[in-house]
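1. structural data only, the sequence is not supplied:
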């Protein structure tokens, strides 16, 4: 299983860097990575660009994170 946090760590990016690219705080990104806040489609699209993955794969990762799988 890959979570949002694992996806970020896999590409070696810091939380504050990714949060800045998304236009949110690092604390908000932490909530997203723990499944405590939901991502909208625009953020999923932006994360797929940042992490160099497809929107489809990033959507699956986001859903698994939110569901706690």
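-> That came in fine, so what should we check first? Nothing here was measured: the structure is a model prediction, and the numbers come from that model.
2. tell me which residues of the longest helix along the chain are tucked away?
-> For the chain, the helix reaching the highest residue count under DSSP state H is reported as helix 55-67. Neighbour-count burial for helix 55-67, with 16 or more other Cβ atoms under 10 Å as criterion, is recorded at 58, 59, 61, 62, 65, 66. Yep, even glycine has a C-beta here, placed from its N, CA and C like the rest.
3. what of stretch 16-29?
-> Of the residues in stretch 16-29, 18, 19, 22, 29 count as buried by neighbour count, 16+ other Cβ under 10 Å.
4. any idea how far apart the tips of it sit?
-> With Cα to Cα, to the nearest Å applied, stretch 16-29 spans 8 Å between its terminal residues.
5. ok, residues contacting that stretch?
-> With Cβ atoms under 8 Å, 6 or more residues apart in numbering as the contact definition, stretch 16-29 has outside contacts at 8, 15, 32, 37, 43, 46, 47, 50.
6. most neighbours of all the residues you listed, which one?
-> Neighbours were tallied for each of the contacts of stretch 16-29 (criterion: other Cβ atoms under 10 Å), and the maximum of 24 neighbours falls on residue 47.
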